[in-house]
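1. What would the 3D arrangement of this be:
(chains A and B)
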Amino acid sequence: MNRARAATLVLLDASPFYRFCEARLLPILAEYLRGNARITPEVATELRRGARSSRHAGLRYLELAGWPPETSALPAELQRPFLDYSRAARQKDEPTSRHAGEIATVLMAAHLGAGVIVIDDLFGKRLARDRGVPRLSTAQLAVEMFTEGELTEGDGYRVFDLSTPTEAGPRDFARACERARAPRD
Amino acid sequence: MSGAAQQAQAARARLGLALDGPVPDLLRAVEDGGELAVSVIELPDGISGAYARREGQGFAFLSLREAPVRQRFTLAHELGHHEFKDGGVIDASADVFGSPTTVRERRANAFAAEFLVPLAAVQRWAQAHADPDVSLVTVVAFASWFRVSALVAAYRLSAARLMSTKTVRGFEQAIQDGEHVHLARRQQLVDLPDELSMIHDTGRPRMPRRLWADAVIGYERGLLTPERIAQAVGRDTVEVEAELDALGVHPRADEPDY
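-> Below is the predicted model of the structure:
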């Protein structure tokens, strides 16, 4: 499994910030990834917009902490693929910016040679696979943080629960933790 | 010989088409040669085709409603626009099949005529048919051989001096009255199928081959849904799903998130 801690550069989509915000654990996420994390300007815009809602007002923490730093804008040669993927991802009646964050994250991660990205969106997940970019879900990141001792079991499960479908429960969390602890090749 | 005719001969040579015979499958020749990406779609009444160029790639649009003989001439006409690096244009039927008012449209028509029915090929056909009689039956047989309309056939026979202008004028009315269709049936002249005739038989819109190939790859990689593909090509989602299924193409399974 990919590990965020082992990566020198981790690009995150907006979803992990939302889930950690809902669990009130953003400062711990910032502490865990501090020097390695980056977000694209597209994700930064989405997070600033999200911070205006009462449910995710906690995202203002990011602005106060000045974390994570933004990458530069997508280089000119990636503008065309960005538009092509945006068109491919957009379903009827969806706004043009619907998948901007995840597409920019994957393209920029491939461009910068990032060790891993954290992304939950299905299109972003498939795009990462297509572009050969190692990926973690927010649930997997929460499991990693718990097994690394950076989150308590309760906090780890809270983020896991917020990031997974309703059918996933404590037993799935325990199994994921076992897999994360298993010796790697 | 006009500049348009010379350009048409050069285009045929580039696409690997000899000058002494008909084009076996115009759509395939044009797309395989990378000249144009061709869509066959619903266009408004009175519009036979359109041409656009973007980032060096030419795009041709043909009316799904028109008969393949007309679609072939329109496609050759759009190829003419591409060859002469004309800007984007929407071609009214009157410009392609009537009396075009601009030099650009006349040039595209001259190109199309020589591209589909080179005068060298007309001479060869005439030699093979030792002194063909000057009749509508000849026109119909000639049209069937070259996969063009009876009117285009008559004009090319006239251009090759195998028929007088006066004779052609006489045939125009008969052709407008549909007499040539009746004659073709009597002669059992069946059009050989090509991609345009097959599209016409299905009655379904067609997107450029490369676009479809890319869509299949996108679907396989999970980046395009059948709904999105159907939306892009103006087709029914169920039809697109059935076609992908028939190809044995399925999206790859997603890795688990936990």
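
2. The residue most central in space within chain B: what's it in contact with?
-> Centroid-nearest residue in chain B, with C-alpha atoms, centre = their mean: B:Arg72, separated by 2.4 Å. B:Arg72 makes contacts with B:Val23, B:Leu26, B:Leu116, B:Arg147, B:Val148, B:Leu196, as judged by C-beta atoms under 8 Å, 6 or more residues apart in numbering or on different chains. In this view, the C-beta of every residue, glycine as well, is placed from N, C-alpha and C.

3. Among those, which ones are in helices?
-> Counting by DSSP state H, the part of the contacts of B:Arg72 found in helices is B:Leu26, B:Leu116, B:Leu196.

4. re earlier: from the contacts of B:Arg72, which is closest to B:Pro44?
-> Nearest to B:Pro44 out of the contacts of B:Arg72 is B:Leu196 (C-beta to C-beta; 19.9 Å).

5. mind checking how far the closest one is from B:Phe142?
-> Counting by C-beta to C-beta, to the nearest Å, the separation of B:Leu196 from B:Phe142 is 19 Å.

6. quick one on the thing from earlier: tell me which helix or strand the residue nearest to the centre of chain B sits in.
-> helix B:68-83 (DSSP states H and E).

7. That helix: how far from the chain's middle?
-> On the basis of C-alpha atoms, centre = their mean, to the nearest Å, the separation between the geometric centre of helix B:68-83 and that of its chain is 5 Å.

8. correct me, but B:Phe84 touches B:Arg106?
-> No. Using C-beta atoms under 8 Å, B:Phe84 is not in contact with B:Arg106, being 11.4 Å away.

9. neighbours around A:Arg90, how many?
-> Neighbourhood size, A:Arg90 [other C-beta atoms under 10 Å in any protein chain shown]: 17.

10. who are the neighbours in contact with it?
-> A:Thr96, A:Arg98, A:His99, B:Arg228.

11. Need phi/psi at it.
-> phi -70, psi 120 (degrees, to the nearest 10).

12. what's the answer for A:Leu11, then?
-> Torsion angles, degrees, to the nearest 10, at A:Leu11: phi -100, psi 130.

13. in the sheet, who's paired with it?
-> For A:Leu11, the beta-bridge partners under DSSP bridges are A:Arg38, A:Ile117.

14. Give me the distance between it and chain B.
-> 17 Å (C-beta to the nearest C-beta, to the nearest Å).

15. Grab the most central residue of chain A for me.
-> Note: chain A centre (C-alpha atoms, centre = their mean) maps to A:Val118, 3.2 Å.

16. Surely that one is in contact with A:Ala14?
-> No. Between A:Val118 and A:Ala14 there is no contact under C-beta under 8 Å: 10.0 Å.

17. And the helices in the chain?
-> Since no chain was named, I'll use chain A. Going by DSSP H, chain A shows helices at A:14-22, A:26-33, A:41-50, A:60-65, A:76-89, A:100-112, A:122-130, A:138-147, A:153-163, A:170-181.

18. wait, I meant chain B there
-> B:3-14, B:26-32, B:68-83, B:93-97, B:103-116, B:119-128, B:136-146, B:150-159, B:165-176, B:179-186, B:195-202, B:209-220, B:226-233, B:237-246.

19. can you redo the ones you listed as TSV with mean pLDDT?
-> Listed next are these as TSV, based on pLDDT from 0 to 100:
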stretch	mean pLDDT
helix B:3-14	95
helix B:26-32	95
helix B:68-83	97
helix B:93-97	93
helix B:103-116	96
helix B:119-128	93
helix B:136-146	92
helix B:150-159	94
helix B:165-176	91
helix B:179-186	90
helix B:195-202	95
helix B:209-220	92
helix B:226-233	87
helix B:237-246	94
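
20. Burial-wise, tell me which of the ones you listed comes out on top.
-> helix B:68-83 (a mean of 26; mean count of other C-beta atoms under 10 Å in any protein chain shown).

21. Only alpha carbons, please: show that one as PDB.
-> Extracted in PDB, the C-alpha atoms of helix B:68-83 (Å, rounded to 0.1, in the frame of the first residue of the first chain):
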ATOM      1  CA  PRO B  68     -24.800   8.300 -49.800                       C
ATOM      2  CA  VAL B  69     -24.100   9.600 -53.300                       C
ATOM      3  CA  ARG B  70     -24.800  13.100 -52.100                       C
ATOM      4  CA  GLN B  71     -22.800  12.500 -48.900                       C
ATOM      5  CA  ARG B  72     -19.800  11.300 -50.900                       C
ATOM      6  CA  PHE B  73     -19.800  14.500 -53.100                       C
ATOM      7  CA  THR B  74     -20.200  16.600 -50.000                       C
ATOM      8  CA  LEU B  75     -17.300  14.900 -48.300                       C
ATOM      9  CA  ALA B  76     -15.100  15.400 -51.300                       C
ATOM     10  CA  HIS B  77     -16.300  19.000 -51.300                       C
ATOM     11  CA  GLU B  78     -15.300  19.400 -47.700                       C
ATOM     12  CA  LEU B  79     -11.900  17.800 -48.500                       C
ATOM     13  CA  GLY B  80     -11.600  20.500 -51.100                       C
ATOM     14  CA  HIS B  81     -12.100  23.200 -48.400                       C
ATOM     15  CA  HIS B  82      -9.400  21.400 -46.400                       C
ATOM     16  CA  GLU B  83      -7.000  21.200 -49.200                       C
END
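
22. Alright, calling it a day.
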